[in-house]
Structures are given as structure tokens and as C-alpha cells.
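Novice: A predicted structure for the sequence below; I have some questions about it.
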Number of protein chains: 2
Amino acid sequence: MHDDNRGPVTTSIKDLFINLDRAGPIPLYYQIAQRLQDAIESGQLPAGSRIENEVELADQLNISRPTVRRAIRELADKGMLVRRRGVGTQVVPGRLKRGVEFTSLYDALSLSGRSPTTRVLTREAVVPPAEVLEALALPPGTEVLHTVRLRYSEDVPFALLENYMPPAFLDLAVADLEKYGLYQLLRGRGVAMRVARQTIGARVATKQEADLFEQDPGSPVLTMTRTFFDQSGQAFEYGLNSYRPDMYAFEMTVVEK
Amino acid sequence: MHDDNRGPVTTSIKDLFINLDRAGPIPLYYQIAQRLQDAIESGQLPAGSRIENEVELADQLNISRPTVRRAIRELADKGMLVRRRGVGTQVVPGRLKRGVEFTSLYDALSLSGRSPTTRVLTREAVVPPAEVLEALALPPGTEVLHTVRLRYSEDVPFALLENYMPPAFLDLAVADLEKYGLYQLLRGRGVAMRVARQTIGARVATKQEADLFEQDPGSPVLTMTRTFFDQSGQAFEYGLNSYRPDMYAFEMTVVEK
DNA sequence: TATGATAGATTGTTTTTACAATCAGGTCGC
DNA sequence: GCGACCTGATTGTAAAAACAATCTATCATA
């Protein structure tokens, strides 16, 4: 092995953890996990490098071992660290591009430099089809907010976003929808997003989609339907999205448990 | 007044946990999590029902609170339970169809009653295109195993699976590939799967795909490319899959962290 | 009536301690 | 030389305890 692992194991790893805030509201394990993640993503802890063992680390930081363990576990759950009993913990070797989100919860595009713009095509209060009400767990006949938005990247439309939301959101304004993005707005209203159930598929574009995306009729679109639940289990969004497949794809990292 | 009845606390929850194996190799927290999950999926713990608080539960089971916590956390991470400080823990309300996997790691179809069959179209040792070698982190000129398989559901082909694997797997036999499925085979050889990076998209079918799927030329296909890494960070599979979109879609549950 | 304060319930964080299981590498015996 | 065994290193599991933060609901007060 050309790689000498027994000697200085990234000698200054301890320096990553100076100035931990023991009094503030942010948990210690979270601060540690955050700094580790930053170090990995910045290349300070290169792929494949080993990090010190838990006991040693806990000792050096004057933190209990369970707390250090929890921090390491957070990153291991995200697939950034690999641990093996009797051996140690190392940064996942290989080229998992950094800066990519791990959960596919948000549109990949908004994170990659380009800032998409949005135009609202429809904003209305309607009684939606039965399956929508069922997905939102609302009684038949309920009026909900129905929006259709078109999203552009550099003036080229690439996504058609159709959404239904419960009556509580009937007052969302078009201007806000175009300016802030849906999730940002909902979060601002105190919605605590928790779990989403989504289905990704493909089909032939509708006439409307073909027109909007400036594609030939019969060309393919990538689709995603999603129901989003908040903390209390209440569905607060049902979405039917379609994407121009040559401009959009879903990337995700999956971790085997 | 020893029993305050604010909500249906499923009085007999304790019965779920009889006969825990304290001596065996399966961790206690895992056993508890497993039984909870079974109870939820079987409907014994209906959606929205509350489960007893940690302290009480730990007490009744004669298990320490951290162990109970860990079990509950496993399910909360999967999005099956929702916890709120000061309030309690409840089964996620709403109709997350049970029996669906949560990670999208495996083909959804294999779990839904139908047992797909597989035919091997190609099995050869080749020097693959540069991008494949790069994805597998192998030096230029390396010979790898290249397979193309067609997967059927009830005699109808719905997936075309093209895979590249490192030289260690050059001896995989066609018969085994048709009988066991790739991941089962790899696991049997001691490969410890850990993280996968995958991209889901759509495009127009190639002529081969249109022929195999018995679709018109120009019809859409759903695609997924995936690189799979084992525990040591070594890539052991690079796959380029395409699916008939009217027969296949990716379902997943995403949990906000 | 409305509003603010308080108390109880419940999960969240942290520490300390102990032992178990697994892995890598070296040693000993053959 | 080679396998069996041992040993040290490291992560995994479990328990007990204490205190913090947050939510609900009730009660007191303006």
C-alpha cells in the first residue's frame, strides 16, 4: 500500500472542531456533523481518507463518545462515511460529486448555478377531480387552490408544474408564486414538511406540453406526481409535474441500510 | 387516576413485544423496530394512532430508554412514525400504501406479487467505452463483464437492463443470471452494497428498445443509470436501464431531515 | 372575554460505563 | 511454508441518569 494510514491520520482533524458552541441552541452532534460534511465537501478530508476512531476523537474534543457517534452516524446515513467494525471509519472513496443533494427532495437545478424563473399560467379555486381530493384527504366538494406554473432555465421552458393545495392556501398570490417558489412560501407559513410519496415515470407529451416545451407532438416527457405531508400527517400538496427530458433528470444517492 | 384517556393509546401495545430474544445475535432495538413496523404495515397500529411514550414503553418492556428510542428512530427515519417533542409519537396518518419499499433500491415490481422472469441477451467480456471505465474507476483497457438482459412481467417485456461489472465477476454464468437476479448473485459473492448514485430520466426509444418492447418507433422510454458502490467504496456495477413507461415507474418515499 | 403565566407531559441532548462482535495482523506449532 | 490461534484495535449494543426544550392544557389575571 502506498497509502500510509497508520501515521498522521490527517493530523489536524481536531482543528476542524475548534469553537464548538456548547451553550447555543444547536446540538453538539449536529455542529460536529456539519463541520465534517463541510470538510469532506471542500476536499479537506479527501475521498478514501480515514478519520480518527471514535474514542480518540471524543477524547480530543472533550465530548462523550455517544455524541461523536451520533455525528458520524448522520454522515454515514447520508452515504458520506463508511464504517467497519474492527477497522475504522473512512470517507467514501470514489467520486460522488459533491454539492449534490442526497434526497432528491428539491429540484436539482436550483442548486447548480442557474436560477430558474417561473411564470404562473393558472391560479384558481376549483373543486378538483376526485382522485386529487382523495390524495389530499379532503371531503368531496371541497374547493382547493389549483395552480399551473411553467418554469424556465435561461428563458427556455423545461418544467410544467401543476399543483393542488388545501383551502388554507387559497390566498396565495400570483406575484409571490412567481417570486419565491412554492416550498419557500409554504415554509414561510409554518408548514413543517416531513414525508413525501412520489412516483417518477414517463409518457408521451400532451399537446399543451409539446407546445409549451417547443417540442414535436409525440415526444416524450418525464413525469413526477407527488403528495407531500406535513409533520402532523396532513397532506398539503398534490403535484403533477412534467419535464422536458433533454433538460431535466432526477439525480439521487441511495444508501443501503 | 392512573389511566388518563386522551387518545387511543392502543392499550395492548406491549403484547407486540413478547418473546424478545435478548441473547441472540439480533439487536434488541432492531427486533423492536421490526415488530413495530410489522404492526403498522398489518394495520394493527392504524394510521394516526399514538404509541406510548418512550419512558412508559421502556418501563413496560424492561428495556432502557435509549434502546427504545433507537428503535423508534429507525421507523421515524423511514417516515413511518412522526415524533413531536412535548406531544408524543404517532403512526404517520394518511394512506402511505403499505408493502411498498421506501428506498427505491430494488425494483418495485418484484415485491408486488408478480415474479418477473429474465432472459440474457448478451454476456461477454469486453473493453467498454471510456465513460464506463471511469464510472467503475478502472484503468483504461480493462476487460469487464458486459451483460444485457430483458425482463418480463407475465411474458411481456418491460425492462432492458445493460450492466458492466469489474473483472472479478467475469465468470458469472448465464444460467445463474437468468435464475437469481444480479443483486442476489453479487450478494452471494460477498459484495456488501452500500451507496448508489442514480439518475432517472426519459428519452425516445432506440430501435432495439422499440422492437423488444413491441412499441412504435419514437415512443418514450423511462431510463435509469446507476453506479453502485460497495462498503469499501469500490464501484461494482454500472447499469444503463430502460423501461416501458406504461408498465413501470419509480415509487419512493422521501423523508425531510 | 381575552391574554398571559404556569404546570405537566413528552421527546431531545449529553454524559458515563460496560461489555460484545468483528477485523487485521502477528505468533506459534506443525 | 501454512494454517490455527491469539491479541489489539475499533465499532456496535445496552443501560442508567440527568437536564433541556417544546408542546398542550389549564388556571389566573387584567
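Specialist: Done, it's in.

Novice: low-confidence ranges in the stretch 151-257 of chain A?
Specialist: A:257 (pLDDT under 70).

Novice: That one: helices as residue ranges?
Specialist: A:174-180, A:182-188, A:207-213 (DSSP state H, counting those that start in this stretch).

Novice: who in the stretch 51-200 of chain A is up against DNA strand C?
Specialist: By CB under 7 Å from any atom of the strand, the residues of the stretch 51-200 of chain A that approach DNA strand C are A:Asn62, A:Ile63, A:Ser64, A:Arg65, A:Pro66, A:Thr67, A:Arg70, A:Arg84, A:Arg85, A:Gly86, A:Val87. (Each C-beta comes from the backbone N, C-alpha and C, glycine too.)

Novice: switch the cut-off to 6 Å
Specialist: Proximity of the stretch 51-200 of chain A to DNA strand C, by CB under 6 Å from any atom of the strand, involves residues A:Ile63, A:Ser64, A:Arg65, A:Pro66, A:Thr67, A:Arg84, A:Arg85, A:Gly86, A:Val87.

Novice: Now, of these, which are buried?
Specialist: Buried by 16 or more other CB atoms under 10 Å in any protein chain shown: A:Ile63, A:Thr67, out of these.

Novice: So which of the residues of the stretch 51-200 of chain A next to DNA strand C sit within helices?
Specialist: Residues of these located in helices (DSSP state H): A:Arg65, A:Pro66, A:Thr67.

Novice: From DNA strand D, how far off is the residue of the stretch 101-250 of chain A found nearest DNA strand C?
Specialist: Nearest residue of the stretch 101-250 of chain A to DNA strand C, counting by CB to the nearest atom of the strand: A:Gln231, 10.7 Å away. To DNA strand D, A:Gln231 is 9 Å away according to CB to the nearest atom of the strand, to the nearest Å.

Novice: For that residue, give me phi and psi.
Specialist: Dihedral pair for A:Gln231: phi -60, psi -30, per degrees, to the nearest 10.

Novice: Pull up the gap between the residue lying closest to it once chain neighbours are set aside and DNA strand D, please.
Specialist: Distance criterion CB to CB, 6 or more residues apart in numbering or on different chains; nearest residue to A:Gln231, sequence neighbours excluded, is A:Ala192 at 4.0 Å. Between A:Ala192 and DNA strand D the distance is 8 Å, computed by CB to the nearest atom of the strand.

Novice: need the helices of the stretch 151-257 of chain A in a markdown table with distance to B:Gln184 and mean neighbour count, can you?
Specialist: Listed next are the helices of the stretch 151-257 of chain A as a markdown table, based on distance: least, CB to CB, whole Å; neighbours: other CB atoms under 10 Å in any protein chain shown:
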| stretch | distance to B:Gln184 | mean neighbour count |
| --- | --- | --- |
| helix A:174-180 | 47 | 14 |
| helix A:182-188 | 39 | 15 |
| helix A:207-213 | 39 | 16 |
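
Novice: Could you dump these into a markdown table and include distance to DNA strand D?
Specialist: Putting these into a markdown table (distance: least, CB to the nearest atom of the strand, whole Å) gives the following:
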| stretch | distance to DNA strand D |
| --- | --- |
| helix A:174-180 | 23 |
| helix A:182-188 | 14 |
| helix A:207-213 | 41 |
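
Novice: so which of those helices gets nearest chain B?
Specialist: The stretch from these with the least distance to chain B (CB to the nearest CB) is helix A:182-188; that distance is 10.2 Å.

Novice: Touching the closest one from outside, list them.
Specialist: Applying CB atoms under 8 Å, 6 or more residues apart in numbering or on different chains, the external contacts of helix A:182-188 come out as A:106, A:147, A:149, A:161, A:163, A:169, A:172, A:176-177, A:180, A:193, A:236-237.

Novice: Pull the distance from that helix to the chain's centre.
Specialist: Counting by CA atoms, centre = their mean, to the nearest Å, helix A:182-188 is centred 14 Å from the centre of its parent chain.

Novice: For it, list the C-alpha coordinates in PDB.
Specialist: The C-alpha trace of helix A:182-188 is given here as PDB (Å, rounded to 0.1, in the frame of the first residue of the first chain):
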ATOM      1  CA  LEU A 182     -43.800  27.200  -3.700                       C
ATOM      2  CA  TYR A 183     -42.000  25.400  -0.900                       C
ATOM      3  CA  GLN A 184     -40.400  28.600   0.300                       C
ATOM      4  CA  LEU A 185     -43.900  30.100   0.500                       C
ATOM      5  CA  LEU A 186     -45.300  27.200   2.400                       C
ATOM      6  CA  ARG A 187     -42.400  27.000   4.800                       C
ATOM      7  CA  GLY A 188     -42.900  30.700   5.400                       C
END
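
Novice: Which helix or which strand is home to the closest residue in space to A:Val126 that isn't next to it in sequence?
Specialist: Counting by CB to CB, 6+ apart, A:His146 is the residue found nearest to A:Val126 once chain neighbours are left out, at 4.8 Å. Assigned by DSSP states H and E, A:His146 belongs to strand A:144-153.

Novice: Can you list the strands that that strand pairs with?
Specialist: Under the criterion DSSP bridges, strand A:144-153 sits next to strand A:117-126 (antiparallel), strand A:156-165 (antiparallel) in its sheet.

Novice: Would you mind finding the most buried of those?
Specialist: Ranked by mean neighbour count under mean count of other CB atoms under 10 Å in any protein chain shown, the strands paired with strand A:144-153 are led by strand A:156-165, which reaches a mean of 20.

Novice: Can I get that strand in PDB? Just the C-alpha atoms.
Specialist: Output in PDB follows, covering the C-alpha atoms of strand A:156-165 (Å, rounded to 0.1, in the frame of the first residue of the first chain):
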ATOM      1  CA  VAL A 156     -36.100  28.000 -22.100                       C
ATOM      2  CA  PRO A 157     -39.200  26.300 -20.600                       C
ATOM      3  CA  PHE A 158     -38.400  22.900 -19.200                       C
ATOM      4  CA  ALA A 159     -40.900  22.100 -16.500                       C
ATOM      5  CA  LEU A 160     -44.700  22.300 -16.200                       C
ATOM      6  CA  LEU A 161     -45.800  22.200 -12.600                       C
ATOM      7  CA  GLU A 162     -49.500  21.600 -11.700                       C
ATOM      8  CA  ASN A 163     -50.400  21.700  -8.000                       C
ATOM      9  CA  TYR A 164     -53.400  21.400  -5.800                       C
ATOM     10  CA  MET A 165     -53.400  22.700  -2.200                       C
END
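
Novice: For the stretch 101-250 of chain A, what lies in contact range of chain B?
Specialist: Within the stretch 101-250 of chain A, the positions near chain B by CB under 8 Å from any CB of the partner chain are A:103-105, A:137, A:193-204, A:218-222, A:229, A:231-235, A:245-246, A:248-250.

Novice: what's the neighbour count on the residue in the stretch 51-200 of chain A that DNA strand D sits nearest to?
Specialist: Nearest residue of the stretch 51-200 of chain A to DNA strand D: A:Asn53, at 2.9 Å (CB to the nearest atom of the strand). Residues within reach of A:Asn53, counting by other CB atoms under 10 Å in any protein chain shown, total 15.

Novice: List the buried residues of stretch A:62-78.
Specialist: A:Ile63, A:Thr67, A:Val68, A:Arg69, A:Arg70, A:Ala71, A:Ile72, A:Glu74, A:Leu75, A:Ala76, A:Lys78.

Novice: likewise stretch A:47-61?
Specialist: A:Ala47, A:Ser49, A:Arg50, A:Ile51, A:Glu52, A:Glu54, A:Leu57, A:Ala58, A:Leu61.

Novice: any idea how far the second one lies from B:Pro139?
Specialist: According to CB to CB, to the nearest Å, A:Ser49 and B:Pro139 sit 22 Å apart.

Novice: Okay, and the closest residue to chain B within the stretch 1-150 of chain A sits in which element?
Specialist: Residue of the stretch 1-150 of chain A nearest chain B, by CB to the nearest CB: A:Pro93 (3.1 Å). If you go by DSSP H and E, A:Pro93 is not part of any helix or strand.
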